[in-house]
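> Sequence below, structure please.
(2 chains)
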Amino acid sequence: MPNGRLLAAFAEAVLGEQETALTRPRSALAMALGPAGLSDAAGVVGLFNAIDRIADATGIPLEADTAAASADFRAALGLDRFSVAERT
Amino acid sequence: MTELYASTPMAIRDDLAAAHARAWAHVARPGSWWDGTTRVAIAGETRNASSCSLCRRRKEALSPFAIEGTHDSLGQLSEIVVEVVHRVRTDPGRLSERWYRGIVASGLSEEQYVEVVSVVAHVVAIDTMARGLGFDPLLLTRPQPGLPSRRRPAGAKPGGAWVPWLEPADAGDAMAGIYPADRPAANIRKAMSLVPEEVHSFFDLVAHQYLPGTAMRDFSREYRAISHARIELLAARVSALNRCFY
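You can find the predicted model right below:
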């Protein structure tokens, strides 16, 4: 995906601890996507940083159809070894 | 543009700025189970959690439960609420049902717990976006007077999650606009339904900071300055970094 690496690096930097490490990924993303794209990207990172916490703090399981549809690649990726997988 | 971002170096979509203004006002108002003063204190403690030395030791430990101690708190909330705020803020991927049951056994009600989680989530959503853009965090709003409503939806009951929730058949009007009419409700929409007002507020944020429900699967057009594919790449990367199984 075009700019995929920039997007991933931006997300990692936003969630990281070093403020200084954010400057370059932010600038790079702004140059690639423009201010509106940067703003929307930051919005998505923020929203999912929050919604992940709701999911984890309330202990919701995967929906039955999602669990069925993801069974093969969860197994392939070894995701079911994590204790939270017991919720599903 | 709302005053909230009037002095920032970069423009924010008007609808998003308005959504943040609504969310910030919601945090400062009395909720269902906490008054405005407590809710603003929870917001402040959410920000403070990032500098907590106990949380840092727990995060670095193989198991957070192996580390005992006292949180570095602002001193405005009970220890049990501080524990919830700090754990949800700093190490959500390792929360457990045993930990949650212990919280409830210690005296926090399930409803109060859900509302704490919601306030933390509102703050994290907005603060993280600000960090991404290089903005200073928004100033916390002055708490609004009044008492919490203490209304628990009659149809809430134990389900597949740790917390009781409202199934669509039992929701009545409480979740209108949140639960879809034409397909089963996703568990993330049910997650905080024990406190419907929090769901309505948070999913208002979702609609503007991410995408509205109808737009999430509408690949016939793009709704943002970045494509659906790029949005989902960001969402997946964040969730992987947070070790969020769901």
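
> Show me the longest helix that occurs in chain A.
helix A:20-58 (DSSP state H).

> Against B:Ser53, how distant is B:Gly102?
Applying CB to CB, to the nearest Å, the value for B:Gly102 to B:Ser53 is 22 Å. Placement of C-beta: from N, CA and C, glycine included.

> ok, the two, which is more surrounded?
Comparing B:Gly102 with B:Ser53 by other CB atoms under 10 Å in any protein chain shown, the one with more neighbours is B:Gly102, at 14 against 11.

> secondary structure class for that one?
For B:Gly102, the secondary-structure state derived from DSSP: H, G, I helix; E, B strand; the rest coil is helix.

> check contacts around it.
Contacts here follow CB atoms under 8 Å, 6 or more residues apart in numbering or on different chains; on that basis B:Gly102 touches nothing.

> okay, it: pLDDT?
At B:Gly102 the predicted local confidence, pLDDT, stands at 97.

> for the one 3 residues further on, same thing?
With respect to pLDDT, B:Ala105 has a value of 98.

> count of residues packed around it?
Counted with other CB under 10 Å, residues neighbouring B:Ala105 total 8.

> Same question for B:Leu62.
Applying the criterion other CB under 10 Å, we find 7 residues in the vicinity of B:Leu62.

> residue ranges with poor pLDDT in chain A?
Within chain A, the stretches with pLDDT under 70 are A:73-74, A:77-88.

> Would you list the phi and psi of the spatially closest residue to B:Ile12 that is not a sequence neighbour?
Nearest in space to B:Ile12, with sequence neighbours left out and distances taken as CB to CB, 6 or more residues apart in numbering or on different chains, is B:Tyr5 at 4.6 Å. Dihedral angles of B:Tyr5 (phi, psi; degrees, to the nearest 10) stand at phi -120, psi 20.

> Likewise for A:Val14?
When quoted as degrees, to the nearest 10, the phi and psi of A:Val14 stand at phi -60, psi -40.

> how much space between it and chain B?
Distance of A:Val14 to chain B, given as CB to the nearest CB, to the nearest Å: 4 Å.
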